[in-house]
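Q: this is the structure alone, sequence omitted:
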């Protein structure tokens, strides 16, 4: 069913159509303040567009800000599970917080749909902690292969790498190194903190290695600092970023210094420029129209699409979990919901097509990635 028709149906649902059940309560932990606020605000904007139902039943959303603080995220998880008795958690926006929350998920048998990117959130799936963890953003490996394919197509032989000095950067280093397999060769490797005010030392070391391109593995506005420093130091090679940069604030902060950036992203980010044959285009366009009617032209981002995708995934899974007879706000329902999430088939969301399995708690394939660039201050389709 097309997204707009599904949303209309959900908003117009009747309590007479399905026997009334206790409302479904979803906890949301996002970063609307702190270094990742540029990401969290986009998530929050999309969440404001969520219908007040899931699986045809009333739903309530308890939304907490973790201020981009890992400890606060864990406290939010505990509050949501112990006080609010949520049936599932959506978020957080950053990988370290999602990893820190895994213990709470296991202790309380609560499924999570993370809005953070690293594959380490959901792998290895055989880890008991990760039994309850799912996520919407594409795995690093999927996006890393897109970057490597683009670099090889452009004949790039030597690349430098600078990434966050945390699990996000570490994950990207691992996956990009594996995808490249020496072609291109990584000739220099540096790290930086999300809160750093200068990365001049690292950039000088990277440039000394004379790479033809540099990959910056960061997210949100902190990812702009290395790029602005490279441009300020007159670096002439290509600059790549990850799908974590897809925020309006990144464009505003980066200004002319981020023009021409190449990065992989979900198709929803450039829905209007996608070819008619793209399998995600219709759903992506429907959400883009709805989102930008609310927030203005050119405001659609990867993170808004992921947050809407989380609702669509929950809506699909809740409808199947309810058929087991389990009641919301019980451990039986959380288990049924987890099992339903783990068996999601061919669900098209704004950034791809989900096929979630016991072996894959993310579920996207190549239909969830395109190469994009920054052109005239906007995210644009690159191929």
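A: Structure's in. What do you need? This is a predicted model, so every value here is computed, not measured.
Q: how does the protein divide into domains?
A: Using automatic domain parsing, the domains assigned to the chain come out as 3-138+284-368, 140-265.
Q: need these in a markdown table with mean neighbour count, can you?
A: Every C-beta, even on glycine, is put in place using the N, C-alpha and C of the backbone. Listed next are the domains of the chain as a markdown table, based on neighbours: other CB atoms under 10 Å:
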| stretch | mean neighbour count |
| --- | --- |
| domain 3-138+284-368 | 21 |
| domain 140-265 | 20 |
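Q: of all those, which one is nearest residue 275?
A: Relative to residue 275, the nearest member of those by CB to CB is domain 3-138+284-368, separated by 12.1 Å.
Q: and the domains of the chain: which comes nearest residue 382?
A: Ranking these by proximity to residue 382 (CB to CB) places domain 140-265 first, at 6.4 Å.
Q: weakest of the domains of the chain by average pLDDT?
A: For the domains of the chain, the weakest mean pLDDT is recorded on domain 3-138+284-368, namely a mean of 93.
Q: chain center to that one: distance?
A: Relative to its chain's centre, domain 3-138+284-368 lies at 11 Å (CA atoms, centre = their mean, to the nearest Å).
Q: so what does residue 188 look like in phi/psi?
A: phi -160, psi 140 (degrees, to the nearest 10).
Q: same thing with residue 376?
A: According to degrees, to the nearest 10, residue 376 has phi 60, psi 40.
Q: can I get the domains of the chain in a markdown table with distance to residue 374?
A: Converted to a markdown table, the domains of the chain look like this (distance: least, CB to CB, whole Å):
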| stretch | distance to residue 374 |
| --- | --- |
| domain 3-138+284-368 | 12 |
| domain 140-265 | 5 |
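Q: show me what counts as buried in stretch 266-276.
A: Buried positions in stretch 266-276, judged by neighbour count with 16 or more other CB atoms under 10 Å: 266, 267, 268, 269, 270, 271, 274.
Q: farthest pair within those?
A: Spanning the widest gap among the buried residues of stretch 266-276 are 266 and 274, at 10.8 Å by CB to CB.
Q: what is in contact with these two at once?
A: Contact with both residue 266 and residue 274 is made by residues residue 370, according to CB atoms under 8 Å, 6 or more residues apart in numbering.
Q: for residue 352, which non-adjacent residue is closest in space?
A: Excluding the flanking residues, the one nearest residue 352 by CB to CB, 6 or more residues apart in numbering is residue 368, at 2.7 Å.
Q: ugh, wrong one, I meant residue 184
A: Counting by CB to CB, 6+ apart, residue 159 is the residue found nearest to residue 184 once chain neighbours are left out, at 4.5 Å.
Q: I appreciate the help and will end here.
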